[in-house]
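Just a sequence and a predicted model for now, questions to come.
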Amino acid sequence: MLKGNFLRGLGYLGEGFRLIRQPGLRLFVIIPLVLNVILFGLLFYYLAGLFSAMIATAMGWLPDWAWLQSLDWLFWLLYGVVILLMLAYGFVILANLIGSPFYGYLAELTEKHLTGQEVVSDAGWMGLLKDTPRMLWREVQKIAYYLPRALGLFILGILPVVNLVAAVLWILFNGWMMALQYVDYPADNHKVSFGRLRKDLAASRLSAMGFGLPVALAAMVPVLNLIVVPAAVCGATAFWVRENDSTQQ
């Protein structure tokens, strides 16, 4: 039986957008945002042409069956959704690799703002530099978890008819990955292993999906996907503070 509260999970992203406006948190929102704007601007130009080529190639694989050809518009839509979801999380992976040292500290400051208590870690810029290798390795662990599962879903997504199911599975998987991605920041601040975090979130899966799904959808929207990353970090920290007791049981 799935545990947690989906509707409660939905509220954490909205809380994250409110938190990023706090004066003490803004600096660690602005710096990675500027870096990501530069990166995304370059990538968008390249991926615009790549996306069209991938859609055309996928459609060329369809067998010449009359009933399939009559559903041409539907397969365009489904292939587009699958590829867009892949690109959405790909953007998030790159954004988090760049911003991970800032986002770990942002999660720390957010938790202090919410609880009034210091997180046990090295504070300040020196602590940030010291923790950077560990934070980057944590991002590599998340990518290693994501890629084989994404590959399996991608193979399903390019198969005609089967992609009807694959598109739904992609949405659910991306929602789960977004919850893992962002709740990992406060969890890492508390030295909770990535494996332990997966078990904890699985114990409150409905809440995790309620948080992760709107993040995944927002990551598909140009411009909004730049702003949603720091908001998701803050929202995930609120998730950690409020849901942690239930996930530890």
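All right, it came through fine.

For Met86, report the pLDDT, please.
Listed pLDDT for Met86 reads 61.

Mean pLDDT per element in the chain, and the minimum belongs to which helix or strand?
helix 66-69 (a mean of 52; mean pLDDT, DSSP states H and E).

Report the separation between the residue nearest the centre of the chain and Leu201.
Nearest to the geometric centre of the chain sits Met178, at 3.0 Å (CA atoms, centre = their mean). According to CB to CB, to the nearest Å, Met178 and Leu201 sit 11 Å apart. C-beta: built from backbone N, CA, C; applies to glycine.

try Tyr46
Distance, Tyr46 to Leu201, by CB to CB: 34 Å.

Give me the more crowded residue out of those two.
Neighbour count, other CB atoms under 10 Å: between Tyr46 and Leu201, Leu201 has more, with 24 against 9.

Apart from its neighbours in sequence, what residue is nearest the more buried one?
Distances taken as CB to CB, 6 or more residues apart in numbering place Ala208 nearest to Leu201, at 4.5 Å, with adjacent residues excluded.

give me the number of residues near Ala208?
Counted with other CB under 10 Å, residues neighbouring Ala208 total 28.

what about the helices in the chain?
6-19, 27-60, 66-69, 72-115, 124-157, 163-189, 194-202, 205-218, 224-247 (DSSP state H).

hey, least reliable of these by pLDDT?
helix 66-69 (a mean of 52).

which parts of stretch 17-27 are buried?
By 16 or more other CB atoms under 10 Å, the buried positions in stretch 17-27 come out as 17, 19-20, 25.

okay if I get the residues you listed as a markdown table plus distance to Pro186?
Shown next, in a markdown table, are the buried residues of stretch 17-27 (distance: CB to CB, whole Å):
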| residue | distance to Pro186 |
| --- | --- |
| Phe17 | 17 |
| Leu19 | 12 |
| Ile20 | 15 |
| Leu25 | 14 |
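
Looking at those, which is nearest Phe102?
Nearest to Phe102 out of these is Leu25 (CB to CB; 10.8 Å).

Assess the claim that that closest one and His113 are in contact.
Yes - with contact defined as CB atoms under 8 Å, Leu25 reaches His113; the gap is 6.9 Å.

Now the common contact residues for the two.
In terms of CB atoms under 8 Å, 6 or more residues apart in numbering, Leu25 and His113 are both contacted by the residues Leu19.

Show the model's pLDDT score for Asp122.
On the pLDDT scale, Asp122 is placed at 56.

mind checking how far the residue lying closest to Glu118 once chain neighbours are set aside is from Lys199?
In space, Glu118 comes closest to Lys112 once its chain neighbours are excluded; the distance is 6.0 Å by CB to CB, 6+ apart. Counting by CB to CB, the gap from Lys112 to Lys199 is 26 Å.

what about these two, which has more around it?
Using other CB under 10 Å, the more surrounded residue of Lys112 and Lys199 is Lys112, with 16 against 10.
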